[in-house]
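1. kindly return the folded structure for what I paste below:
(chains A and B)
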Amino acid sequence: MKKNFLNLKNIFYEINSQPILKNINLFINKGEFVSIIGKSGSGKTTLLKIISGLKKQTQGEMLLKDEILSNENIFLEPENRNLGLVVQEKVLFPHLKVLANVEFGISKEANKKEKAIEMLNKFHISSLIEKYPHEISGGEAQRVALARTLVTKPKVLLLDEPFNGLDEELKKDIYPDVKKILNDNKITTIMVSHNTSEVKNLSDRIFNLENGALKEL
Amino acid sequence: MKQFNLNFWNIFTSFIALTFSVPIILVFLSLFFGFNDNFDHIVNVVLLEYSLNSLLLVVGVSLIVLFIGVISALLVTTFRFTGSKILEWALILPLAIPPYLLAYVMTEMFEYSGSANSIFRSLNLISEDAALPTIRSLSGAIIVFGIALYPYVYLITRVALMNISKPILESARVLGSNNFKSFTKIVLPLIRPAIFAGLALVCMETLSDFGAVQHFAIPTFTTGIFRTWLGMYDLITAMQLASILLLVICLMIFLERKQRANAEYSLSNDSREDSDLIQLKGIKNFLASFFCLVPVLAGFIIPLFEIISWSVEITNIFSIKFIYASLNTMLLAITAGIITTMLAILFNFNLRISKSKHSKLINDFISMGYGVPGLILAIGITQCLTYFDLILSDIGIIVTGSLFGLIFAYVIKSYALTNNVLESNYKQFSTSIDESARILGASKFTLLGNIHIPLLKTGIFTSVLLVVSEVVKELPATLILRPFNFDTLAVTVYTYASEERIYEAAFPALFIILIGLIPIYFISNMIRSSKGLN
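-> From the prediction side, this is the model:
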């Protein structure tokens, strides 16, 4: 494993002078699966949004390999970071069929259809390609969302309670698929969750986010 | 959904639905009465002109409402700029002024000695003997309708934009879309059904209008129907013409309903917040404010001040005619409001307790009355009342020329408004309340009277007010169905405008606008507090 693939240095974030994140330092290796747990409102989602570029930290620096994602002077827009983000909310584009949803992030690539179907196959949902998001179940929608993100070959995958709301049986089906794909492609992953058994099942390292600070467990 | 059962509630609601549809069925039946010489004359001489003018009007108005409605909705929903907090609700204000009233105001303003020409002359923008182009033309009518009706597109588009889920937009960004791609590939396809639903409503309103096109002397389908009936005294031919227009309107209603249903799949609880708005600065800030301010000025503020300036010219403000017209209007509006609301309560109650697919179909069917032009409804109701009086000819003329027909027309046209309000009110309390009441021994009547009506009282009040504001503005059906010498505010304004005594129309017009502001208050509250407008 190559050290320090993703570096978060002294990250501070505040809203209306209220600190949400205080001096976050996190160094993640290539291919590592890191989980962050914490109470609701502890700032877990905010941290993922900062990493993805959907929010900008108040202070601190973030590097991916040696490239600066964000610091006081530089800010790389989210569309240029090549990171993947999967959240618990329904985020499939409702006007596009499943196949078009998965192709969305690779629209300029050659053989996009084949690549999309191959990824859907890995999640055993290639039969859904002609369906609209409102025609599939919650578990299927979450697999499509994962496939849509993973097909872009993200440098880092950010998961924001992606399995929340799915029943335990379904989770048992999805976990091995996700783990295999992440391992096969050596995708660095950060997952936030409040479900400790889920975290233990998937993670290499676990951190607790409390009072705006990270502590490794 | 359950099957249809023969019980009091289902029989009653089916009977009402049948009564609602009789006037429309009669209009369509006229196509089977045979076509006379008048119809041939109309087809050979004027039908092309009617069709072409109606088409040009609809196309022109559509372009204007799309331009103003969609861009202003995008601006106030995406950006923060000077005055945006006020403009986001002020952009709805032109809805308070019906198109025929705006047409009267604009005509007067652009007359040779009107205020627009006077201002231009005083600023030396035109010479003393020159005048601005007259508004009494097809292009003038397009502008007037565009300004009066763009809020439909603005409102529905704005709600659709507010309802686009924030995580969906964030997903698009993280998947590599820049702002332009996110807009063209995600936002635009998601709001397209809403835009088309708004546009269909505008087309229906434009095709249904009688007052404005008649004032501008533009031969359209509605003026043609009116002339055929009251000029040529040929009700059958008028009904046959009305059938053609009604078919087009039915297509619009179908499209509007279909697009609205499509728009619902994009609704979300994770809509964007105020903090997501992008602050505009410099010239962009000025242009955004200017773009949103112009339609508010043209569609509400300037016409309002123009009418106020007319009222200054009048010495006898509260004339007997005005007082009678106001009393008549309020009598009609409140009666129609109460009847329509009672019907909507009964229909929604039946739907809730029966959960029958047929009850829902009946409710949806009678809600479509809002799209039927007032003029066509008036023709159908007149024919219906004539048949009724013929059956009872031994007793004499009972319902023809009475208030019954007029209230009947108002109820059909306003039912959708009350239904929407009560339907959303009903959704706010769980059906387990009903189950508890029934288990405790309450009959259906007790459940309705002692449980539902007290819970629905805000909705009931709101729906009566909305019907009142709708009835006060209504012109074509009122003009035709009112009893002899029974004037309402809208008819008074129409009469004064026709007689070129426009200053005397100031107070009735102001009263119409004032009451027209009622729904705007409710709409802006709904936008702020919920996403229930769709």
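2. A:Lys172: neighbour count?
-> If you count neighbours by other CB atoms under 10 Å in any protein chain shown, A:Lys172 ends up with 11. To be clear about C-beta, it is placed using only N, CA and C from the backbone, and glycine gets the same treatment.
3. again, but for B:Ile143
-> 18.
4. against chain A, how distant is it?
-> 34 Å (CB to the nearest CB, to the nearest Å).
5. can you tell me the helix or strand for that residue?
-> B:Ile143 is part of helix B:138-162, with elements assigned from DSSP states H and E.
6. burial check on the closest residue to chain B within chain A, number of neighbours?
-> Closest residue of chain A to chain B, CB to the nearest CB: A:Gly105 (3.6 Å). When neighbours are defined as other CB under 10 Å, A:Gly105 has 26 of them.
7. try A:Gly31
-> Quick note: A:Gly31 (other CB under 10 Å) scores 16 neighbours.
8. host element of it?
-> Using DSSP H and E, A:Gly31 falls outside every helix and strand.
9. not counting its neighbours along the chain, what's nearest it?
-> A:Lys186 (3.9 Å; CB to CB, 6 or more residues apart in numbering or on different chains).
10. does that neighbour touch A:Asn29 like I think?
-> No - taking contacts as CB atoms under 8 Å, A:Lys186 lies outside contact range of A:Asn29: 10.2 Å.
11. out of those two, which sits in the busier spot?
-> A:Asn29 (15 against 12).
12. quick one: that one from A:Thr188, how far?
-> 7 Å (CB to CB, to the nearest Å).
13. now do the shared contacts for those two.
-> Residues touching both A:Asn29 and A:Thr188 by CB atoms under 8 Å, 6 or more residues apart in numbering or on different chains: A:Phe5.
14. what about A:Ala100, how many residues nearby?
-> Counted with other CB under 10 Å, A:Ala100 comes out at 18.
15. which SSE is it in?
-> A:Ala100 belongs to helix A:98-103, assigned by DSSP H and E.
16. now B:Leu29
-> Judged by DSSP H and E, B:Leu29 forms part of helix B:8-29.
17. who does the helix or strand just after that helix touch, helix- and strand-wise?
-> Scanning forward in sequence from helix B:8-29 by DSSP H and E, the next helix or strand is helix B:37-41. In terms of contacts (3 or more CB pairs under 8 Å, 6 or more residues apart in numbering or on different chains; DSSP states H and E), helix B:37-41 is packed against helix B:235-263.
18. kindly export the helix or strand hosting B:Leu101 (C-alpha atoms) in CSV.
-> Here B:Leu101 sits within helix B:99-109, counting by DSSP H and E. The C-alpha trace of helix B:99-109 is given here as CSV (Å, rounded to 0.1, in the frame of the first residue of the first chain):
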residue,chain,number,x,y,z
PRO,B,99,-56.9,40.1,-18.8
TYR,B,100,-60.0,42.0,-19.8
LEU,B,101,-59.3,44.6,-17.1
LEU,B,102,-55.7,45.0,-18.1
ALA,B,103,-56.8,45.4,-21.7
TYR,B,104,-59.1,48.3,-20.7
VAL,B,105,-56.3,49.9,-18.8
MET,B,106,-53.7,49.5,-21.5
THR,B,107,-56.1,50.8,-24.2
GLU,B,108,-56.8,53.9,-22.2
MET,B,109,-53.1,54.5,-21.4
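19. just the mean pLDDT for it, thanks.
-> Mean pLDDT, computed over helix B:99-109, is 92.
20. that one - contacts with which helices or strands?
-> In terms of contacts (3+ CB pairs under 8 Å, 6+ apart), helix B:99-109 is packed against helix B:115-122, helix B:138-162, helix B:211-215, helix B:302-313, helix B:489-498, helix B:506-529.
21. mind running it again at 6 Å?
-> helix B:138-162, helix B:211-215, helix B:302-313 (3 or more CB pairs under 6 Å, 6 or more residues apart in numbering or on different chains; DSSP states H and E).
22. any idea how far the most centrally placed residue in chain A lies from B:Ile433?
-> Central residue of chain A (CA atoms, centre = their mean): A:Leu158, 1.6 Å from the mean position. For A:Leu158, the distance to B:Ile433 equals 43 Å [CB to CB].
23. residues contacting residue 104?
-> Unless you meant another one, I'm taking chain A. B:Leu175 (CB atoms under 6 Å, 6 or more residues apart in numbering or on different chains).
24. my bad, chain B
-> B:Tyr104 touches B:Ala497, counting by CB under 6 Å, 6+ apart.
25. all strands of chain A, in order?
-> A:6-15, A:18-28, A:33-37, A:59-64, A:67-70, A:83-87, A:156-160, A:188-193, A:205-210, A:213-216 (DSSP state E).
26. next, count neighbours for the residue nearest to B:Gly211 when sequence neighbours are not counted.
-> Distances taken as CB to CB, 6+ apart place B:Tyr100 nearest to B:Gly211, at 2.7 Å, with adjacent residues excluded. B:Tyr100 is flanked by 26 other residues according to other CB under 10 Å.
27. please apply the same query to B:Val464.
-> 20.
28. which elements pack onto the one helix or strand in chain B whose mean pLDDT sits lowest?
-> When each helix and strand of chain B is scored by mean pLDDT, DSSP states H and E, helix B:432-439 comes last, with a mean of 77. If you count contacts as 3+ CB pairs under 6 Å, 6+ apart, helix B:432-439 packs onto no helix or strand.
29. tell me where the model's unsure across chain A.
-> Counting by pLDDT under 70, chain A contains low-confidence residues at A:1-3, A:165.
30. up against chain B, what does it have?
-> By CB under 6 Å from any CB of the partner chain, the residues of chain A that approach chain B are A:52, A:54, A:78-79, A:85, A:87, A:89, A:91, A:93-95, A:104-105, A:134.
31. show me the contacts for A:Leu8.
-> Going by CB under 6 Å, 6+ apart, A:Leu8 touches A:24, A:26, A:62.
32. skipping its backbone neighbours, what lies nearest the first one in space?
-> Right, A:Ile24. A:Ile11 (4.0 Å).
33. now do the buried residues in the biggest helix by length in chain A.
-> Scanning chain A for the longest helix, with DSSP state H as the assignment, gives helix A:168-184. Going by neighbour count (16 or more other CB atoms under 10 Å in any protein chain shown), the buried part of helix A:168-184 is A:170-171, A:174, A:177-178, A:181-182.
34. what's in contact with it?
-> A:122-123, A:139, A:150, A:163, A:189, A:201.
35. same deal with stretch B:314-326?
-> Under CB under 6 Å, 6+ apart, the answer for stretch B:314-326 is B:487-489, B:492, B:503, B:507.
36. kindly recompute the last result at 7 Å.
-> The contact list for stretch B:314-326 (CB atoms under 7 Å, 6 or more residues apart in numbering or on different chains) reads B:487-489, B:492, B:503-504, B:506-508, B:511.
37. got the buried residues for that stretch?
-> Neighbour counts over stretch B:314-326 (16+ other CB under 10 Å) mark B:321-322, B:325-326 as buried.
38. which stretches of the stretch 51-200 of chain B aren't confidently modelled?
-> Short version for the stretch 51-200 of chain B, where the test is pLDDT under 70: none.
39. make it 90
-> B:78, B:89, B:108, B:110-136, B:155-200 (pLDDT under 90).
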